[in-house]
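*Asks:* below are the sequence and a predicted model; questions follow.
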Amino acid sequence: MEKRAVFAHVDHTLLKPTATWEQIKVLCDEAITWGMASVCVPASFVKPIVETYKDKVTVCTVIGFPLGYDTTAAKVFQAQEAIANGATEVDMVINLGWAKEGAFDRVTEEIKKVKAAVGSKMLKVIVETCYLTEEEKIALCRCVTDAGADFIKTSTGFGTAGATLADVQLFKQHVGPDVRVKAAGGIRTAEDMEAYLAAGCDRIGASAAIKAYEGRN
């Protein structure tokens, strides 16, 4: 695939705890130059990006990140603040303990509340597949679908493993028709990105997309 066609599906990501404003500006400049789908950044950078770049770049941020065990009220507040500061996409981490307990109704209800806080903006739900059984993954597909979220997302990139093609294929089989799939975590080569798009991903979270396509058209 032509790299701009791939980059149009990439959330250009910098979520390292040591990220600086200078690094974030480079990320935004690259996203604008190459037509990335968004920049995915820590919440503290949302407002400065919007003030500096206006509508030149789509801003995505993360909440309940990376462990997911913030209270629902805290996640709702984080989502509301992110949208108020100018984010148009929010990636939330589910409460993994609830998933492991089989408390999927609680997971669904929390996603619903965060989606209500996000409103018409985009909500992506991170389920952190490396900690889940296949049965739990299928159940979470139902949670995300029933809660009205826009995306199911494989991973934070901070867990014990990241995205797999098998998980993307499983999601595609079990999410509702209005739920799209985002793969993230460990996707570092052009071949990987193209394989995930071919498998049905609409978005890819990646910090190394530009490097992966160096020397390619």
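*Replies:* Ah, there it is.
*Asks:* list the buried residues for stretch 52-61?
*Replies:* For stretch 52-61, the neighbour count (16 or more other CB atoms under 10 Å) marks 53, 57-61 as buried. All C-beta atoms are positioned from the backbone trio N, CA, C, and that covers glycine.
*Asks:* repeat for stretch 161-174
*Replies:* Buried residues in stretch 161-174 (16+ other CB under 10 Å): 162-164, 167-168, 170-172, 174.
*Asks:* widest-spaced pair of the residues you listed?
*Replies:* Gly162 and His174 (19.7 Å; CB to CB).
*Asks:* re earlier: TSV for the buried residues of stretch 161-174, including distance to Phe151, secondary structure and pLDDT?
*Replies:* Below are the buried residues of stretch 161-174 laid out as TSV (distance: CB to CB, whole Å; DSSP: H, G, I helix; E, B strand; the rest coil; pLDDT from 0 to 100):
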residue	distance to Phe151	secondary structure	pLDDT
Gly162	16	coil	97
Ala163	13	coil	98
Thr164	17	coil	98
Asp167	14	helix	98
Val168	12	helix	98
Leu170	15	helix	98
Phe171	10	helix	98
Lys172	12	helix	98
His174	14	helix	98
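*Asks:* name the nearest of those residues relative to Met36.
*Replies:* Ala163 (17.8 Å).
*Asks:* which residues does the closest one contact?
*Replies:* Counting by CB atoms under 8 Å, 6 or more residues apart in numbering, Ala163 touches 129, 154-155, 183-187, 196.
*Asks:* now, those residues that are in helices?
*Replies:* Among those, DSSP state H puts Tyr196 in helices.
*Asks:* and of the contacts of Ala163, the nearest to Val6?
*Replies:* Tyr196 (9.6 Å).
*Asks:* from what I see, the closest one and Leu165 are in contact.
*Replies:* Yes: using CB atoms under 8 Å, Tyr196 is in contact with Leu165, at 6.9 Å.
*Asks:* so where's the protein shaky on pLDDT?
*Replies:* 217 (pLDDT under 70).
*Asks:* show me where it has its strands.
*Replies:* 10-13, 38-41, 59-63, 89-93, 122-126, 151-153, 180-184, 203-206 (DSSP state E).
*Asks:* for the first one, give me every contacting residue.
*Replies:* Just to be clear, that refers to strand 10-13. 27, 30-31, 34, 36-41, 60, 89, 157, 182, 184, 193, 203-207, 209.
*Asks:* then the third one?
*Replies:* The contact list for strand 59-63, computed with CB under 8 Å, 6+ apart, reads 11, 15, 38-43, 45-46, 49-50, 70, 75, 78-79, 82, 86-93, 114, 122, 124, 126, 156.
*Asks:* so what's the spatially most central residue of the chain up against?
*Replies:* Closest residue to the average C-alpha location of the chain: Asp91 at 4.6 Å, with CA atoms, centre = their mean. Residues counted as contacts of Asp91 (CB under 8 Å, 6+ apart) are 40, 60-63, 65, 123-126, 153, 182, 205.
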